[in-house]
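A.B. asks: below is the structure, and that's it, no one-letter string:
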């Protein structure tokens, strides 16, 4: 076979196999690059396993053990039996006992409890007389899912529990009336609950990505080298990178809330100024966390993966999608570490319940603490040299 | 290791860079080994050496971007380990790869640098630099869209903007056309005349000859330093220049001879060099009688010296 024959054979083969050969070459290259990026490779395995076990165990759509406050206007056997019966339904867990209506209202407003039970003065005597007095059960109905199933179970479950305990008259008729009062969202409109939560969810997603890429981008474009050779401190780099996006985030938040009001009729019962101030705090907290990610990761792919790893639990464990109180305690602890958890409480409380600053102290402090923690990590992690 | 305390402080007015015994390793590979150097204020110091010889690493250690594993020294009188922040205020560093913001315009990049260094009139300083660089009319062009020569001028402008006392230029003219290269060097000489100290790394021999002093670094070791004439004189290299025709066979034959260390064509002539003068003369004597060629004893060029150094250092350190 002559040299020209060989060439001709080679040329003849190319149209048939060229496509696959070039695809194969590309594929081999991608695999090599993927294998070199160990962190990304580890995340490919870790991410689904972690998220699945985490959410599989944490999420519960028929929540139990919901925190409930008790206002006892009289100390009677009947009253205690009713409370016992309620607790036996497993839906309620009495976490606070209060003595005034004001305290009772504050606990509901600040979201520390989801239910409040009031046993009025002279309750037992009225039952004995057959007056059918009313037992008040107030529910925070901003989250209709959390409140709904417990309220639905309340009547029959309490009655059957009482039948065992008490023998007041033979007919299976309730000797008293349970008056439920769905506060804040009496129509149980889930959109009222979803829209304020969405403000936080959308902001989490956009803010994280903005800053998560900021440091890695400087490194990948090579601008970090000249930046580091100039007299600028890590704190200054951080503020310079975060502040522009605070404004961007603020505009986004205004847009989402505006649309929520116009299209979905979501009210803002509380102070608009307070909402703006705490939203800005929340935006800054997320930007700080994103920025922290970008000082930890080595490239933009890792930055995106880490952001996703943070974003998913934020949606699922913050109380935005599923009732927070229904999660197991360990999942609630994780939830407390997520800014969205606190912001969902804040934004719902201000928009739907008209809460004021004194009702939101805990969540505000938690947000500020998370922000400071993230900033501290970012400033310490920021590498000032190319070592 | 040189454990003697640095004597830089008293000399800080005269000496810009004074370092002793700098070493740096990456992943177990020593990139810079026990490097000591002194650079006088107001001089242009050329830093030469093959790729991967440790030039960039040394420059980065001088401006605080890398921490030396061992060694000490001062830059403009400031300790390179402790006073990195102070050094950064007075040193302009031009990176090998263009590292200004490609998506900012020429003016925006310069204003950014001016603000970072806290110049009182950032806009005015940027405007002045644009005029000095001859970039007027291009100030609103994105830096990423500039040609190689203009990018390099902009980068030089950015690092001279805060009026530094020392410029560290890492292969500033790589990939730039000869005209832009010449303009660049004229600018560097103008800056040095104003009292600025310049440390510049390069591969080009003609650029080395434009420096007041040069140092040659290979495999992390500083091998020689001094003026160009001193380096050539101290090379102990004997060179003969051959003119004539038909070098092809001659080159191959000479290269194989003992005593001949280097044979390099230079246009229509051939440079034949050896470290041992007597051995070299013995090797070439059979060819000197051939009428085809004309032999003349000459000085080695700087390139001859460096290529010889490179060959020798490879024997020693690899």
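C.D. replies: Yep, that arrived. Remember, it's a predicted structure, so these values are computed and weren't measured experimentally.

A.B. asks: next SSE downstream of the least confident helix or strand in chain B by mean pLDDT?
C.D. replies: In chain B, no helix or strand scores lower on mean pLDDT, DSSP states H and E than helix B:8-11, which sits at a mean of 51. Next along the chain after helix B:8-11, taking DSSP states H and E as the criterion, comes strand B:15-26.

A.B. asks: hmm, that next one in reach of chain A?
C.D. replies: No - using C-beta under 8 Å from any C-beta of the partner chain, strand B:15-26 stays clear of chain A, coming no nearer than 8.9 Å. C-beta coordinates here come from the backbone N, C-alpha and C atoms, glycine included.

A.B. asks: mind giving me the packing neighbours of that strand?
C.D. replies: If contacts are counted by 3 or more C-beta pairs under 8 Å, 6 or more residues apart in numbering or on different chains; DSSP states H and E, strand B:15-26 sits against helix B:8-11, strand B:29-40, helix B:55-62, strand B:70-75, strand B:197-202.

A.B. asks: give me that answer again for 10 Å
C.D. replies: Counting by 3 or more C-beta pairs under 10 Å, 6 or more residues apart in numbering or on different chains; DSSP states H and E, the packing neighbours recorded for strand B:15-26 are helix B:8-11, strand B:29-40, helix B:55-62, strand B:70-75, strand B:166-170, strand B:197-202.

A.B. asks: in it, what counts as buried?
C.D. replies: B:15-24 (16 or more other C-beta atoms under 10 Å in any protein chain shown).

A.B. asks: check stretch B:29-47 too.
C.D. replies: Residues of stretch B:29-47 classed as buried by neighbour count (16+ other C-beta under 10 Å): B:30-35, B:37-39, B:41-47.

A.B. asks: out of those residues, which two sit at the greatest distance?
C.D. replies: Largest separation among these by C-beta to C-beta: B:30 and B:42, giving 32.5 Å.

A.B. asks: what residues go with each domain of the chain?
C.D. replies: This is for chain A. According to automatic domain parsing, chain A comprises the domains A:66-183, A:190-386.

A.B. asks: meant chain B, my bad for not saying
C.D. replies: B:12-90+B:164-232, B:102-153, B:236-299.

A.B. asks: give me whichever of these is most buried.
C.D. replies: When the domains of chain B are scored by mean count of other C-beta atoms under 10 Å in any protein chain shown, the highest mean neighbour count falls to domain B:12-90+B:164-232 (a mean of 19).

A.B. asks: would you mind checking the average pLDDT for that domain?
C.D. replies: Domain B:12-90+B:164-232 comes out with an average pLDDT of 91.

A.B. asks: what ranges do the strands span in chain A?
C.D. replies: Taking DSSP state E, the strands of chain A run over residues A:66-72, A:92-98, A:115-119, A:134-140, A:177-183.

A.B. asks: next up, the contacts around the nearest residue to residue A:311 once chain neighbours are set aside.
C.D. replies: Of all residues not flanking residue A:311 in the chain, residue A:205 sits nearest, at 5.8 Å (C-beta to C-beta, 6 or more residues apart in numbering or on different chains). Applying C-beta atoms under 10 Å, 6 or more residues apart in numbering or on different chains to residue A:205 gives the contacts A:286, A:307-308, A:310-311, A:314-315, A:340.

A.B. asks: output the below-cut-off pLDDT ranges for the stretch 51-200 of chain A.
C.D. replies: For the stretch 51-200 of chain A, residues meeting the criterion pLDDT under 70 lie at A:157-158, A:160-173.

A.B. asks: kindly report the residues of it close to chain B.
C.D. replies: Within reach of chain B by C-beta under 10 Å from any C-beta of the partner chain, the stretch 51-200 of chain A has no residues at all.

A.B. asks: tell me which stretches of the stretch 51-200 of chain A form helices.
C.D. replies: For the stretch 51-200 of chain A, the helices defined by DSSP state H, counting those that start in this stretch cover A:77-88, A:101-109, A:123-129, A:144-165, A:190-212.

A.B. asks: which residues does the shortest one contact?
C.D. replies: Among residues not part of helix A:123-129, those counted as contacts by C-beta under 10 Å, 6+ apart are A:72-79, A:81-82, A:120, A:122, A:131-135, A:166, A:168-169, A:174-176.

A.B. asks: where does the stretch 251-387 of chain A come near chain B, residue by residue?
C.D. replies: Where the stretch 251-387 of chain A comes near chain B, counting by C-beta under 10 Å from any C-beta, the residues are A:384-387.

A.B. asks: residue A:371 and residue A:282 touch, don't they?
C.D. replies: Yes - using C-beta atoms under 10 Å, residue A:371 makes contact with residue A:282 at a distance of 8.9 Å.

A.B. asks: pick out whichever of the two has more residues nearby.
C.D. replies: Between residue A:371 and residue A:282, residue A:282 has the larger neighbour count (other C-beta atoms under 10 Å in any protein chain shown), namely 29 against 21.

A.B. asks: got a list of what the nearest residue to the more buried one once chain neighbours are set aside touches?
C.D. replies: Closest residue in space to residue A:282, ignoring its immediate chain neighbours: residue A:343 at 4.3 Å, by C-beta to C-beta, 6+ apart. Neighbour list for residue A:343: A:196-197, A:199-201, A:203-204, A:278-279, A:281-283, A:285-286, A:314, A:318, A:320, A:363-364, A:366-367 [criterion: C-beta under 10 Å, 6+ apart].

A.B. asks: quick one: buried ones out of these?
C.D. replies: When these are checked for burial by 16+ other C-beta under 10 Å, the buried set is A:196-197, A:199-201, A:203-204, A:278-279, A:281-283, A:285-286, A:314, A:318, A:320, A:363-364, A:366-367.

A.B. asks: list the residues that contact the closest residue to residue B:214 other than its chain neighbours.
C.D. replies: Once flanking residues are discounted, residue B:214 sits nearest to residue B:46: 4.0 Å by C-beta to C-beta, 6+ apart. Residue B:46 makes contact with B:198-202, B:204-205, B:207-216, B:225, B:228, according to C-beta under 10 Å, 6+ apart.

A.B. asks: by proximity to chain B, which residue of the stretch 1-150 of chain A wins?
C.D. replies: residue A:36 (14.5 Å; C-beta to the nearest C-beta).

A.B. asks: and for that residue, the neighbour number?
C.D. replies: 9.

A.B. asks: how much space between it and residue B:136?
C.D. replies: For residue A:36, the distance to residue B:136 (C-beta to C-beta, to the nearest Å) stands at 46 Å.
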